[in-house]
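> The amino acid sequence is not available; the structure is as follows:
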């Protein structure tokens, strides 16, 4: 999917919501556990109930790997279900990968070609030659960690490197990488006060923003400095939406939560 | 496996060799491609031929993920084969994971419990609460990226943070994390001149050292500053060993290469 197509979907739906599909068997409604593939069934119901309210889905691969082969099968089926039924949806493999060149190429093929995700999250620590293999894919997007939503972000990301903080250095440096127009960045909603500085460095890039809801980030604060002429934001909520109810009404309950966020977003876009 | 058990294996075998099982279907002998699970068959033959010459195996998960469900099945079978037949071998899931707390716990369970690896590689960018969930597992080891073997290592890892380089800051900081005795570190062999500084910060930790062979690192240079009283080094070679021959003799050819490295190591240990 191109960035223009993503922006057009945002304008159409008046939503820049991304729903995180972080499926934990201990948290989903128990009546699903008797089915052959509870993870997939859960996702399918959530997707069918919410696809008109969001523009992106983001499965975090950890939650699938934790269930081994069954988990990977559920991930494959989930992404195929989205791509077949809702091809207008932007898909994100939240994998936070990063390795030396030839290995990053293997990861890129796995997520972009085989699983047919539109984008994948990557970690910046190993530098240019660990990220450029992902950037080489046309109409695919590489979403690099910049300033994450967790407490540990302050361990290294905000440390001063030369005259800038490390996350700023990461943003600056990456702009010079080959095909850097395919880059987006992860910036946590819990650090809304940083968005002003970030927009000075990457005014035009899309930012994927986790941490609204369960982690305490505030949507309005993020939008104040984060929105740009192209919208430029994808706000992710996972637990705050998908685990609203543990009963048979879980999908409609999730849709209600998603609709609350979408309404808020439509006002912020107006 | 405890560190003491690993050290005892090193002394017994006079080897601190780790063999990287980075299986690429385009590089393995073509006669294997007709078998039901070529990746597993390749690994099994390599393992049977080399287990007495090395102390560790390190599958890089990218190479398995690239083949989807089939790849994950091959990974599961490979680790089970090692654990069943050669339980004295130290196993490393080279996954370079790292995510916020609850998600890192999912990854840790996947690699330590379900797949029963002795260790997993992680990335430091997200800080303490992304790594401590891995450290919480008893007799399991978390191998954190410090200074990697690729060119991109110079993008951020060697940048000055306060008065130290970032990788030094990573080493220092991580020593204060809970259960930090379960930490090992990745340091590339291509940067042998850095080992002296690294040993000042982590004199007692094990270092996993990729980059000998195919990437150009030199064993003797690494050992000069890297070896400690507890050996403290695991030297990895992947392509340099496993792709020695594309013929039916591939496993014995790999063993010959492994033996060359083991001989060199036994002299360095003497």
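Structure received. This is a predicted model, so every value here is computed, not measured. Numbers count the residues shown, from 1 in each chain, chains lettered A, B, ... in the order given.

> ok, for residue A:252, nearest residue in space, not its chain neighbours?
Of all residues not flanking residue A:252 in the chain, residue A:49 sits nearest, at 6.0 Å (CB to CB, 6 or more residues apart in numbering or on different chains). To be clear about C-beta, it is placed using only N, CA and C from the backbone, and glycine gets the same treatment.

> Please work out which residue of the stretch 1-150 of chain A is closest to chain B.
residue A:127 (2.5 Å; CB to the nearest CB).

> what residues are up against that residue?
B:150, B:151, B:152, B:153, B:154, B:155, B:156, B:157 (CB atoms under 8 Å, 6 or more residues apart in numbering or on different chains).

> Which of the three states applies to the first one?
When you say that, I think you mean residue B:150. For residue B:150, the assignment made with DSSP: H, G, I helix; E, B strand; the rest coil gives coil.

> show me the contacts for it.
By CB under 8 Å, 6+ apart, residue B:150 lies in contact with A:100, A:101, A:126, A:127, A:129, A:130, B:188.

> nearest residue to the second one other than its sequence neighbours?
On the basis of CB to CB, 6+ apart, the spatially nearest residue to residue A:101 that is not a chain neighbour turns out to be residue A:129, at 4.8 Å.

> Run a quick check on that neighbour versus residue B:152, I expect a contact.
Yes. Between residue A:129 and residue B:152 there is a contact under CB atoms under 8 Å: 4.2 Å.

> The stretch 1-150 of chain A: strands as residue ranges?
Assigned by DSSP state E, counting those that start in this stretch, the strands in the stretch 1-150 of chain A fall at A:17-20, A:56-58, A:90-97, A:119-122, A:141-147.

> Output those strands in JSON lines, with mean pLDDT, distance to chain B and mean neighbour count appended to each entry.
Below are the strands of the stretch 1-150 of chain A laid out as JSON lines (pLDDT from 0 to 100; distance: least, CB to the nearest CB, whole Å; neighbours: other CB atoms under 10 Å in any protein chain shown):
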{"stretch": "strand A:17-20", "mean pLDDT": "98", "distance to chain B": "10", "mean neighbour count": "26"}
{"stretch": "strand A:56-58", "mean pLDDT": "98", "distance to chain B": "12", "mean neighbour count": "25"}
{"stretch": "strand A:90-97", "mean pLDDT": "97", "distance to chain B": "6", "mean neighbour count": "26"}
{"stretch": "strand A:119-122", "mean pLDDT": "98", "distance to chain B": "9", "mean neighbour count": "27"}
{"stretch": "strand A:141-147", "mean pLDDT": "98", "distance to chain B": "6", "mean neighbour count": "26"}
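
> Could you dump these into CSV with distance to residue A:175 added?
Formatted as CSV, these follow (distance: least, CB to CB, whole Å):
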stretch, distance to residue A:175
strand A:17-20, 23
strand A:56-58, 23
strand A:90-97, 21
strand A:119-122, 15
strand A:141-147, 11
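
> Ok, which of these comes nearest residue A:180?
Closest approach to residue A:180 among the strands of the stretch 1-150 of chain A (CB to CB): strand A:141-147, 9.2 Å.

> and that closest one, what does it pack onto?
Strand A:141-147 sits against strand A:119-122, helix A:128-135, helix A:166-174, strand A:183-187, with contacts defined as 3 or more CB pairs under 8 Å, 6 or more residues apart in numbering or on different chains; DSSP states H and E.

> So the longest one, near chain B or not?
Yes. Counting by CB under 8 Å from any CB of the partner chain, chain B is contacted by helix A:166-174 at A:166, A:169, A:170, A:173.
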